[in-house]
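Colleague: what would the 3D arrangement of this be:
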Amino acid sequence: MTQRFRLALLSAACLVGLCGSSAARAADPPPGFQALFNGNDLTGWHGMPHFNPDELAAMSDAARQAKIEEWTADAREHWTVENGELVNDGHGAYLTTDREYGDYEFWIDYKTVPTADSGIYLKYAPQVQIWDWTKEADKWSIGADRGSGGLWNNSAGRPGKDPLVLADKPFGEWNTFRIRQIGARTSVWLNGELVVQHAILENFWDNSRKTPLRPRGAIQLQTHGGEIRWRNIFLKEFTPDEANEILQAESGGGFVSLFNGQDLTGWQGATGNYEVVDKTIRCQAGKGGVLYTVDEYGDFVVRLQFKLPPAGNNGLAIRYPGGDGDSAYIGMCELQVLDTEHPQYRGLDPRQAHGSAYGMIPAARGYLRPVGEWNFQEVTVRGSTIKVELNGNVILDGDLAEVDEYLDNRPHPGKDRTSGHFGFAGHSDPVQFRRIDIRRLP
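Modeller: Numbers count the residues shown, from 1 in each chain. From the prediction side, this is the model:
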């Protein structure tokens with residue numbers, strides 16, 4: 001979302017009278033957190049119903065601001081503040097944060113009534129489910145018997161759709177959510193019980209569910225027919241390093257380190273063109289070539305962190321045969337490692353963007369951290385398929401066996417390889433890599 005879009009949201013909220021001073025004192029946020037609700041009025045929030053954020057962003061500035069003003073006026077008819085609690089009567093536009101957030105932890109208490117149905121939208125996407133889990137509500141056929149907290153709008157059978165345990169408290173009691181979101185990776189605790197563990201929240205607004213969530217987005221409190229109350233609304237934003245550590249910890253066990261942090265033991269190929277600096281492998285400026293593992297791999301998962309300089313260019317060599325040659329063609333593929341948004345690459349073919357299987361399958365753009373920050377990436381290679389997850393967002397999930405059109409009509413003779421080395425394909429830029437681990441798949 002553009003800066004102009006964000007300013008329009010703030011401006012619209014002020015125009016309809018939501019930007020007032022706070023006379024009542026909100027509950028103190030925990031260390032490191034900020035309070036999103038001041039306990040007194042709706043400052044920091046505006047109205048927005050179930051609406052595609054991409055359509056909103058595509059509007060003219062004037063049309064967008066008018067629409068937000070209309071929604072916010074509607075919200076004011078149905079949202080009130082009582083005794084330091086946000087109260088909704090079950091109707092009206094959803095209360096939506098003026099600010100957008102990327103990687104964060106979100107805490108909120110809620111109390112609702114029998115037969116109610118509500119939820120929390122994350123980055124404009126539905127939703128962490130809240131509903132009446134009792135048999136009397138007659139919603140067991142759609143999963144209510146499993147309780148609240150699941151990512152209910154995920155596709156059937158996908159991780160996170162159903163909560164792991166029933167953790168709802170009886171009606172009349174307050175419930176507490178702790179929600180952690182890194183990219184699209186979402187974990188949910190309800191009343192201290194883990195109900196969703198590091199699951200991808202699918203992008204509801206893409207019918208194919210292949211486009212990741214927006215990199216940043218608002219949090220929305222849904223209204224759905226029954227009164228619901230909210231309080232103690234706190235949020236902590238993660239730094240890139242904090243987010244990377246969480247992604248690293250949640251990626252599972254069974255990995256073996258490929259880099260000892262001291263030298264290039266276990267690596268071969270263009271060893272003279274790479275150097276070890278501050279426990280990282282760095283391609284030397286002005287040099288390149290493929291640095292690749294001594295061992296070969298068939299199906300595997302590799303996880304690593306990388307940092308790009310401005311306009312930096314490198315690549316991950318997948319099932320590389322060794323020796324000399326362009327990994328993008330003689331190997332199964334080269335996955336681009338590239339400062340895609342640099343002006344130098346304006347007009348880039350989509351199959352050349354960061355994370356793409358070079359020349360064959362494009363990756364979704366817009367999910368790199370700012371240049372100079374470390375990124376976390378995990379790549380899964382199984383048979384002819386490749387999945388690339390960048391900073392918690394699946395940016396590529398494709399099958400090379402289905403590719404029959406190539407960039408510049410240049411064939412990739414190595415794409416059907418079933419095993420080979422893993423490595424880095426340098427292109428003269430000092431791109432750095434660290435925390436390089438691999439796990440063989442059966």
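Colleague: tell me the pLDDT at the residue positioned nearest the centre of the chain?
Modeller: Note on the chain: the residue nearest the mean C-alpha position is G183, at 1.7 Å, using Cα atoms, centre = their mean. G183 carries a pLDDT value of 98.
Colleague: so what's it closest to, chain neighbours aside?
Modeller: For G183, ignoring the flanking residues on the chain, the nearest one in space by Cβ to Cβ, 6 or more residues apart in numbering is G392 at 2.3 Å. For glycine as for every other residue, the C-beta is placed from the backbone atoms N, C-alpha and C.
Colleague: residues near that neighbour, how many?
Modeller: 26 (other Cβ atoms under 10 Å).
Colleague: same check, this time on the one 3 residues further on
Modeller: In terms of burial, I395 registers 25 neighbours under the definition other Cβ under 10 Å.
Colleague: state the distance from the residue nearest to L151 when sequence neighbours are not counted to V195.
Modeller: Excluding the flanking residues, the one nearest L151 by Cβ to Cβ, 6+ apart is G160, at 4.0 Å. Using Cβ to Cβ, to the nearest Å, G160 is found at 9 Å from V195.
Colleague: identify the contacts common to the two.
Modeller: Both G160 and V195 are in contact with 150, 188, where contact means Cβ atoms under 8 Å, 6 or more residues apart in numbering.
Colleague: show me where this protein has helices.
Modeller: Counting by DSSP state H, the chain has helices at residues 3-15, 53-58, 61-78, 240-250, 327-330.
Colleague: once you drop chain neighbours, what's closest to S251?
Modeller: Nearest to S251 is R303, by Cβ to Cβ, 6+ apart, at 5.4 Å.
Colleague: contacts only, for Y320.
Modeller: For Y320, the contact set (Cβ under 8 Å, 6+ apart) comprises 290, 292, 327, 330-332, 420-423.
Colleague: residue contacts, the residue lying closest to it once chain neighbours are set aside?
Modeller: Leaving aside its sequence neighbours, Y320 sits nearest to G331 (Cβ to Cβ, 6+ apart; 4.0 Å). By Cβ under 8 Å, 6+ apart, G331 lies in contact with 317-321, 414, 417, 420.
Colleague: would a markdown table of these with distance to W152 be doable?
Modeller: Listed next are the contacts of G331 as a markdown table, based on distance: Cβ to Cβ, whole Å:
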| residue | distance to W152 |
| --- | --- |
| A317 | 41 |
| I318 | 36 |
| R319 | 39 |
| Y320 | 43 |
| P321 | 46 |
| G414 | 43 |
| R417 | 41 |
| G420 | 42 |
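Colleague: nearest to G226, of those residues?
Modeller: Taking Cβ to Cβ as the measure, G226 lies nearest I318 of these, at 51.3 Å.
Colleague: I'd like to know how far the nearest residue to that closest one once chain neighbours are set aside sits from A401.
Modeller: Excluding the flanking residues, the one nearest I318 by Cβ to Cβ, 6+ apart is M332, at 4.6 Å. M332 sits 11 Å away from A401, going by Cβ to Cβ.
Colleague: so which of these two has more stuff around it?
Modeller: Neighbour totals were compared for M332 and A401, and M332 leads with 25 against 11 (other Cβ under 10 Å).
Colleague: tell me the pLDDT at the nearest residue to E373 once chain neighbours are set aside?
Modeller: Distances taken as Cβ to Cβ, 6+ apart put P240 closest to E373, at 4.5 Å, once the chain neighbours are dropped. What the model reports as pLDDT for P240 is 98.
Colleague: distance of P240 relative to L201?
Modeller: Using Cβ to Cβ, one gets 20 Å for the distance from P240 to L201.
Colleague: before we move on, what about V431?
Modeller: V431 sits 30 Å away from L201, going by Cβ to Cβ.
Colleague: where does the chain have low pLDDT?
Modeller: Residues of the chain meeting the criterion pLDDT under 70: 1-26.
Colleague: which residues touch R369?
Modeller: Here R369 is in contact with 240, 375, 391 (Cβ under 8 Å, 6+ apart).
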